[in-house]
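1. turn this into a structure:
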Amino acid sequence: MTLPASFGFVATAVEAPGTPDKQAYEALFGDCEYGQALGYDSVWLIEHHFSDYFPTPNPLALLSNLSARFPRLGLGTCVLVTPWHDPLRLAEDIAQLASITDAPLHLGMGRGTAKFEYDALGIQMDEAQDRFRDTWEIIRSGLAGGPFRVQGKLIDMPREVVLRPVLSEQRRRSIHFYGAIGSPGTAERMADMGLPPICTTIGDWDMQRDTIVSWKRAAAANGFDTGAARLPIMINCIIGDTDEEAIREAQTYIPRFMQAQVDHYEADANNWETLRTYKAWSGIFSKLKARCDPANIPDWCQWQLIGSPETVTRRLRQYRDIGFDTFLIHVATPGVPVEPRRRWLRRFAQEVMPALAAEALA
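-> Alright, predicted model coming up:
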């Protein structure tokens, strides 16, 4: 079964350098109003702490606010970093959000890759993989509605409880969970947990294809209906009249994004080399520093939705042909003011989305 394409946007509390956080949050609300008016299906939030790199530390609380302000938007996370949360409280927060809105929920979950966030929160980073698995089991069991107690590898609930609020079966079917995937190996682990993938454009076409193939193979072996699951991917988007114009804007704004990642993830420290479950990330983050130089941005652009409307449409088809069907358009990266990011959001909605919609109806 091929699902129709769905288009969401990533809303973040960022603005031009030096903007106060209050003003950045007001810009986020304005982006949501603009995105809803343009016809996007959903809004997605990122979780991070203690820096300029997407300072939205409580996505579920913010989604509660957005659900009242913008009732036509589905609500998503890309992602909730579940090892940073008390798992039972997190399950309750999800149930409560689902009880106060009828909007579809698309909850991407991940284990996080910034050591300084783990250190600040007092959590051992090398326990992240096991904490992720235990937390997912508590969420899954709790939302089922009956008495439950999970005794995981690291998390042992001291007694049996019933999660409140209790959700109807119909409402539970409208909550969709995804596991963040950065490599084909992670794809198999998510499939083993019954979680569809949520991806970002950190790799080339072959890496993305291998990730989806690995997930589908492992999920099918576990009896999962892979055709019924949405497969979301978050993609940076900059649209200009020509490819050259869009790449010039990328060279203006994307190095700030890369530098924010270098700073937030402490890329120079290369903490992942000493962490058993994170070694694969060392090579991924080694490329960030080079991309702080505008001269190195054009090569990166070829995996993103950066170019003329025609180029962006062609690349979007390539991602669709790999297997993705839910596209999270990412225009609000650190340092990007309101005007260019809303212009890119508008041009994507008006000049790219209709082409994919028409193909779905053909």
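
2. low-scoring stretches of this structure, by residue?
-> Using pLDDT under 70 as the threshold, the predicted model of the chain has low-confidence ranges 1, 183-184, 279-280, 282-283, 360-362.

3. buried ones in the helix ranked longest in it?
-> Ranked by residue count, the top helix of the chain under DSSP state H comes out as helix 243-264. By neighbour count, and taking 16 or more other Cβ atoms under 10 Å as the criterion, the buried residues in helix 243-264 are 243, 246-247, 249-251, 253-264. For the C-beta atoms, the positions are set from N, CA and C on the backbone; glycine is no exception.

4. now the strands for the stretch 201-350 of the chain?
-> Listed in chain order, the strands found in the stretch 201-350 of the chain under DSSP state E, counting those that start in this stretch are 232-239, 305-307, 326-330.

5. which elements pack onto the first one?
-> Spelled out, it's strand 232-239. strand 74-81, strand 197-200, helix 243-264, strand 305-307, helix 309-322, strand 326-330, helix 338-351 (3 or more Cβ pairs under 8 Å, 6 or more residues apart in numbering; DSSP states H and E).

6. quick check, central residue of this protein?
-> Note on the chain: the residue nearest the mean C-alpha position is residue 78, at 2.2 Å, using Cα atoms, centre = their mean.

7. let me see the contact set for that residue.
-> Neighbour list for residue 78: 10, 44, 45, 46, 108, 180, 198, 200, 232, 234, 328 [criterion: Cβ atoms under 8 Å, 6 or more residues apart in numbering].

8. ok, the closest residue to residue 303 other than its chain neighbours - how many residues close by?
-> Closest residue to residue 303 in three dimensions, ignoring its sequence neighbours and counting by Cβ to Cβ, 6 or more residues apart in numbering: residue 201, at 5.0 Å. By the other Cβ atoms under 10 Å criterion, the neighbourhood of residue 201 contains 19 residues.

9. verify the contact between residue 201 and residue 211 for me.
-> No. Assessed by Cβ atoms under 8 Å, residue 201 is found out of contact with residue 211, at 11.4 Å.

10. just the buried residues of stretch 317-325, please?
-> Buried residues in stretch 317-325, counting neighbours by 16+ other Cβ under 10 Å, are found at 319, 320, 322, 323, 324, 325.

11. report the two of the residues you listed separated the most.
-> 322 and 325 (10.1 Å; Cβ to Cβ).

12. could you check how far the residue nearest to residue 303 is from residue 27?
-> Applying Cβ to Cβ, to the nearest Å, the value for residue 201 to residue 27 is 24 Å.

13. and the buried residues of stretch 317-325, which is closest to residue 101?
-> Looking across the buried residues of stretch 317-325 and measuring by Cβ to Cβ, the closest to residue 101 is residue 325, at 23.3 Å.

14. what about the strands in the stretch 51-200 of the chain?
-> In the stretch 51-200 of the chain, strands defined by DSSP E, counting those that start in this stretch lie at 74-81, 105-110, 175-180, 197-200, listed in chain order.
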